[in-house]
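Engineer: model this:
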Amino acid sequence: MASNTLHIKGLPVSPGIVIGRVLVVDDDLRRVSRRQIPEGGIPAELARLEEASKASIAEIRIVYEQAERQMGSEAAKIFLFHIGMLSDPAFTGQVRAMVEQERVTADYAVSHVLAALADRFRATGDSVFSTKVNDIEDLGERMLKHLVGARASRIAEADEGTIVLARDLTPSQTALFDRTRILGFATDLGGQTSHTAIIAKALDIPAVVGCKTLLKHAKDGIRVILDGDKGAVILDPDDGQVAEYTRYIEQARMFRVSADEIASLEPITTDGHHITVLGNIELPEEVTKVLRQGGEGIGLYRTEYLYLTGMTEPTEGDHYRAYARCVELSGGRELVIRTMDLGADKYTQAQEEIPERNPFLGCRSIRYCLKNTAMFRKQLRAILRASADGPIKIMFPLVTTLSELRQAKFLVREVMEDLAEEGIAFDAGIKMGMMVEVPAAAIQAEAFAREADFFSIGTNDLVQYTLAVDRTNERVASLYTPAHPAVIRLIRDVSRTARRHNVPLSCCGESAADLEFAMLLIGLGVRTLSASAGALPNLKRFIRSVSVDQCERVARQALALDSDDQVARLLRDRARTFVPQAFDGRSVD
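Structural biologist: Next up is the predicted model:
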């Protein structure tokens, strides 16, 4: 390894590996000098402010229309949030008051108000607030462009084969990338639910965020490897590393068959067992991508993104249009809609006057819904209305007690009665299931099996809560592993219970996309796997290359081991023995 080579870890938000040259973008809200204006100049300054606001809103509408064409209406709603903020009296009132009372220029007032707001959000340390910072910076750049003139955009001057490294990127910058020249991007700031991350995923741009120290070390023009699969950036790699990653890219390309071919292949094991392969989505337009990649339906629609892409709480109409669009694009295939999994780092803390000290163990997911029944009923009404258009299943997240499941089902029945009285059509026989993602639910699966129409194992939270490890905390991230014997035994017990009670069982966590762990899941009795669209071709090819008998033998061996290292080694060795062409040679770590 070259002495100046540097590995930096971040959060993977959009998959893909690319090799290119660095373009550093260090945009911040511009430091605008404080300049006084005479009292008689205040009306003219307010007029400048009004014109800049109108021009910015007109520009954003154009960006919105382009984004809507490229990535669908839900992801594009991010830009409606921008329009709403520029029209919000809370913002415009502060800026106008500063111009009038302190007699400063409009550009200084805009810069000062937005920079202060961004600093407050950033200082909270809460990703609910910090994900809004790049929206604020987007607006600041746009307004200042109209107030003091545009500066040349470094991104617009990018050469072919460029990988953008930045402190942060705004949603507008990301949406307007020239994909013929820009291969991917990485940022020091940002989280997995930031608007920029959502857009990157919708546009299939390899991306890593939350790298923290990129700009401290990056220089224009140096070579860089960006690994959007594992969340890594390698600055100034040596020739050996470039050759190694070029080989990974080629192996991945060789293993993927065309979308048309994979869509026509049945996910049947070598001994004749059908394994259902579904897709996980955040936005309705992703249904098309899932089906194109060979998915047989949608196993998890994360509806909380309706709350994360807009400025205000979505209306019943917003919910209904999103779900009806999913039904339309699914074309009668399976569609599992998870009710809003809000809380922890998503949305709810922003609504509280005093945020919770430990939101991951607080009022989140189904708990939050049952305490905010007006909001919950709004979503349930929309889901039930959409169920008249095609098959839908309702799934409740983070259920820990029977009373929670019963309350949720009771609310669904109440909403059904309301719709019936109003003469609104719905599927009266709609299936209602639950996520199994906490140890309490797994251990009490026998009781839940008598109440739920189906189970879906959410490995992300199941691992986190079983091992008491925050997977986003880099200090303990190495302890987060689905290969832990305790996790495997919980999954085995849930699978046995589901089979005994004839309750359909799936796995929709990130581990379902890991070929080695998918082999173990099949061996433990799971016959439905749901993963992101990009993972489906490899998953289907892997399924077609192994037998259930092989998977069951591996599962029995894994259950006899007493450490996660032993289990991980077993899975790695067996999977590479069974299907060596499915792996790019990289470590599972």
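Engineer: Count the neighbours of E65 for me.
Structural biologist: 12 (other CB atoms under 10 Å). C-beta: built from backbone N, CA, C; applies to glycine.
Engineer: quick check, it in a helix?
Structural biologist: Yes - assessed by DSSP: H, G, I helix; E, B strand; the rest coil, E65 belongs to a helix.
Engineer: Secondary structure class of G20, three-state.
Structural biologist: Using three-state DSSP, the structure places G20 in strand.
Engineer: Please tell me the pLDDT value assigned to it.
Structural biologist: Reading off the confidence values, G20 has pLDDT 97.
Engineer: Touching, it and R181? I think so.
Structural biologist: No - G20 is beyond contact range of R181, at 9.7 Å (criterion: CB atoms under 8 Å).
Engineer: more crowded one of these two?
Structural biologist: Taking other CB under 10 Å, G20 and R181 do not tie; G20 has more neighbours (20 against 16).
Engineer: picking up where we left off before, anything in contact with each of G20 and R181?
Structural biologist: G161, T162 (CB atoms under 8 Å, 6 or more residues apart in numbering).
Engineer: show me what contacts P206?
Structural biologist: S14, P15, G16, I17, V18, L183, G184, F185, A200, L226, G228.
Engineer: Now do the phi/psi pair for the residue lying closest to the fifth one once chain neighbours are set aside.
Structural biologist: It stands for V18. Leaving out its chain neighbours, the residue that sits closest to V18 by CB to CB, 6 or more residues apart in numbering is L183, at 4.0 Å. Note on L183: backbone dihedrals following degrees, to the nearest 10 are phi -90, psi -30.
Engineer: Could you report the pLDDT at L183?
Structural biologist: For L183, pLDDT reads 96.
Engineer: ok, it to E160 distance?
Structural biologist: Applying CB to CB, to the nearest Å, the value for L183 to E160 is 9 Å.
Engineer: neighbour count winner among the two?
Structural biologist: The neighbour comparison of L183 against E160 (other CB under 10 Å) goes to L183, with 23 against 11.
Engineer: quick one: the more buried one from G20, how far?
Structural biologist: Separation of L183 from G20 (CB to CB): 5 Å.
Engineer: Find residues that contact each of the two.
Structural biologist: Shared contacts of L183 and G20, defined by CB under 8 Å, 6+ apart, comprise G161, T162, I163, L226.
Engineer: Please name the nearest non-neighbouring residue to the first one.
Structural biologist: In this structure, G161 finds its nearest non-sequential neighbour in G20, 4.4 Å apart by CB to CB, 6+ apart.
Engineer: and that neighbour, what does it touch?
Structural biologist: G161, T162, I163, L183, G184, R223, V224, L226.
Engineer: Any of these buried? List them.
Structural biologist: Buried subset of the contacts of G20 (neighbour count, 16 or more other CB atoms under 10 Å): T162, I163, L183, G184, R223, V224, L226.
Engineer: Give me the subset of the contacts of G20 that lies in strands.
Structural biologist: T162, I163, L183, G184, R223, V224, L226 (DSSP state E).
Engineer: Relative to Y307, which of the residues you listed is nearest.
Structural biologist: Distance to Y307, by CB to CB, is smallest for G184 among these, at 27.6 Å.
Engineer: where exactly do the helices run in the stretch 301-450 of the chain?
Structural biologist: According to DSSP state H, counting those that start in this stretch, the stretch 301-450 of the chain carries its helices in the segments 305-308, 316-330, 348-351, 366-371, 373-387, 402-422, 439-443, 445-449.
Engineer: could you dump those helices to CSV with distance to A518?
Structural biologist: Compiled in CSV, the helices of the stretch 301-450 of the chain are given as follows (distance: least, CB to CB, whole Å):
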stretch, distance to A518
helix 305-308, 25
helix 316-330, 23
helix 348-351, 32
helix 366-371, 27
helix 373-387, 29
helix 402-422, 28
helix 439-443, 19
helix 445-449, 21
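Engineer: Going by mean pLDDT, which of those helices comes out lowest?
Structural biologist: Among the helices of the stretch 301-450 of the chain, helix 348-351 scores lowest, with a mean of 45.
Engineer: what mean pLDDT does stretch 227-239 have?
Structural biologist: Mean predicted confidence for stretch 227-239 is 94.
Engineer: what distance separates it from the middle of the whole chain?
Structural biologist: 21 Å (CA atoms, centre = their mean, to the nearest Å).
Engineer: Stretch 200-219 too?
Structural biologist: 15 Å.
Engineer: buried stuff in it?
Structural biologist: Within stretch 200-219, judged by 16+ other CB under 10 Å, the buried ones are 200-211, 214-215, 218.
Engineer: which residues of the stretch 251-400 of the chain fall in strands?
Structural biologist: Under the criterion DSSP state E, counting those that start in this stretch, strands of the stretch 251-400 of the chain are mapped to 276-281, 297-302, 334-338, 393-396.
Engineer: okay, those strands in a markdown table with distance to G534, mean pLDDT and mean neighbour count next?
Structural biologist: Converted to a markdown table, the strands of the stretch 251-400 of the chain look like this (distance: least, CB to CB, whole Å; pLDDT from 0 to 100; neighbours: other CB atoms under 10 Å):
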| stretch | distance to G534 | mean pLDDT | mean neighbour count |
| --- | --- | --- | --- |
| strand 276-281 | 10 | 96 | 25 |
| strand 297-302 | 15 | 96 | 25 |
| strand 334-338 | 19 | 98 | 23 |
| strand 393-396 | 22 | 98 | 24 |
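Engineer: My read is that G84 contacts L139, right?
Structural biologist: No - contact between G84 and L139 fails when scored by CB under 8 Å: they sit 10.7 Å apart.
Engineer: Tell me which of those two has more neighbours.
Structural biologist: Taking neighbours as other CB under 10 Å, G84 and L139 compare with L139 leading, 26 against 14.
Engineer: that older thread, now, among the buried residues of stretch 200-219, which is nearest to I522?
Structural biologist: K201 (27.0 Å).
Engineer: before we move on, the earlier item: now the buried ones among the contacts of G20 in TSV, please, with extra columns for distance to G433.
Structural biologist: Shown next, in TSV, are those (distance: CB to CB, whole Å):
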residue	distance to G433
T162	45
I163	42
L183	40
G184	37
R223	48
V224	44
L226	38
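Engineer: from those, which two are the most distant?
Structural biologist: Farthest pair in the buried ones among the contacts of G20, by CB to CB: G184 and R223, 13.7 Å.
Engineer: Tabulate the contacts of P206 in TSV, adding columns for distance to V104.
Structural biologist: As requested, the contacts of P206 are exported to TSV (distance: CB to CB, whole Å):
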residue	distance to V104
S14	41
P15	46
G16	46
I17	48
V18	44
L183	42
G184	40
F185	35
A200	37
L226	42
G228	43
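Engineer: Return the closest of those with respect to R48.
Structural biologist: R48 lies nearest to F185 out of the contacts of P206, by CB to CB, at 33.4 Å.
Engineer: shouldn't that closest one be in contact with R167?
Structural biologist: No - if you go by CB under 8 Å, F185 and R167 don't touch, sitting 11.6 Å apart.
Engineer: out of those two, which sits in the more crowded spot?
Structural biologist: Taking other CB under 10 Å, F185 and R167 do not tie; F185 has more neighbours (29 against 18).
Engineer: which one is the more buried one nearest to, not counting chain neighbours?
Structural biologist: Per CB to CB, 6+ apart, closest to F185 is V164, 4.1 Å.
Engineer: contacting residues for that neighbour?
Structural biologist: Contacts of V164 by CB under 8 Å, 6+ apart are L23, V25, I155, A158, F177, I182, G184, F185, A186.
Engineer: burial measure for the third one, as a count.
Structural biologist: Looking back up the chat, that one is I155. I155: 21 neighbours (other CB under 10 Å).
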